[in-house]
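[1] My questions are about this predicted structure, shown below with the sequence.
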Amino acid sequence: MKILLKKHFGWFYEKLNNDAIDSYAAQVSFWILISFIPFLMLVLALLQVIRFEDTSLLVAFVQMLPPPVEEVVSYLFQEVHAPQTLISMTAITCVWSASTAMVALIKGLYSVFDVSKNHNYIFMRILAILYTVVFVMTLLVSMGLMVFGDMLYEWLITVMPPAFPTLINRFKPIMSYVLLLFFFWLMFIAIPRKQVSLRNAFFGAALASAGWVLFSFFFSVFVENFANYATIYGSLAALVILMVWLYACMFILLIGGEIAMWLQHSGINRDVSDLKTERRRRKLISEKGNDANGKTADKK
């Protein structure tokens, strides 16, 4: 068993070092940060166009972030103003910079899944824009579920026993996790193109999604109770916190891809199956030996 663990964790560690996922995580985090202001401007502009004055969607978006990050995003929402004349410009800027972040993420996943990087720039950019749009749609659906989930919860309070709405409310965060899992699973399947099976891609996406959620929770607890970034970074503390959170989340996402590749190509499934077969064989031999010893004792 020790030899098996040493073999496969050694395989995983070596691939992790060779793929340089920390560099790709840093690139993605940088471009997401660059596209953040245009994204907020675009959201505000669209809300103005559709005459949507309710702030529920904005509140839902902020609530999806860790509390330390909520502060800087809430401040940006208050400071950013988006006239309708800037909609097209902010849309182009947002999509371009966000797709640049997606290009870096695709390159990182290419490295993780050992995909040959022979695609031209135009193809890469189109693919990145497509995934950017899918991600934004996933984000909007998640925000909508949180908003309408609150409305549904308030309605259920009036018509159902008290215990039932409370139970539904506790499962609301799971919906965001499921959407995140679906998006990661889609990326792990479509980008590497059959480098991993659906099952292994699902396991990698599930672990990446769980890691993302758990890290965000513990990072919030750490920043609120132990870390004092303001002492070192002053007024830039919120920006630094946002950058650290983005980097860690992108790193966790790429780790999920590494886990999917590890399950697919390291031979861990075959070795575990062989180990179980060997244990069953030894158990069967031991049981036969015990039966033979028992029969010999009875004859005596």
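    Done, it's in. Numbering: from 1, shown residues only.
[2] all helices in the stretch 101-250 of the chain, in order from the N-terminus.
    In order along the chain, the stretch 101-250 of the chain carries the following helices (DSSP state H, counting those that start in this stretch): 121-159, 163-170, 172-190, 198-225, 229-233, 237-265.
[3] Identify whichever of the ones you listed lies nearest to Phe113.
    Using C-beta to C-beta as the measure, helix 237-265 is the one of the helices of the stretch 101-250 of the chain that comes nearest Phe113, at 6.0 Å. Just so you know, the C-beta spots here come from the backbone N, C-alpha and C atoms, and that holds for glycine as well.
[4] And that closest one, what does it pack against?
    Identification of packing neighbours for helix 237-265 by 3 or more C-beta pairs under 8 Å, 6 or more residues apart in numbering; DSSP states H and E yields helix 2-19, helix 21-49, helix 67-79, helix 87-112, helix 172-190, helix 198-225, helix 229-233.
[5] quick one, which of the helices of the stretch 101-250 of the chain is nearest to Leu109?
    Distances from Leu109 to each of the helices of the stretch 101-250 of the chain were compared using C-beta to C-beta; the minimum, 5.6 Å, belongs to helix 237-265.
[6] Could you check the closest one and say which residues are buried?
    237-238, 240-264 (16 or more other C-beta atoms under 10 Å).
[7] picking that back up, lowest-confidence stretch among the helices and strands packed on helix 237-265?
    Set side by side, these show their lowest mean pLDDT on helix 67-79, which sits at a mean of 62.
[8] mind checking pLDDT for Asn290?
    On pLDDT, Asn290 comes in at 60.
[9] Equivalent analysis for Val134, please.
    As predicted, Val134 sits at a pLDDT of 76.
[10] and if you look at Leu58?
    61.
[11] same question, the one 3 residues further on
    Looking at Phe61, its pLDDT is 61.
[12] And the closest residue to Ser197 other than its chain neighbours, how far from Glu14?
    Across the structure, with C-beta to C-beta, 6 or more residues apart in numbering as the measure, the residue nearest Ser197 apart from its sequence neighbours is Gln264 (6.3 Å). Look at Gln264 and Glu14: by C-beta to C-beta, to the nearest Å, they are 16 Å apart.
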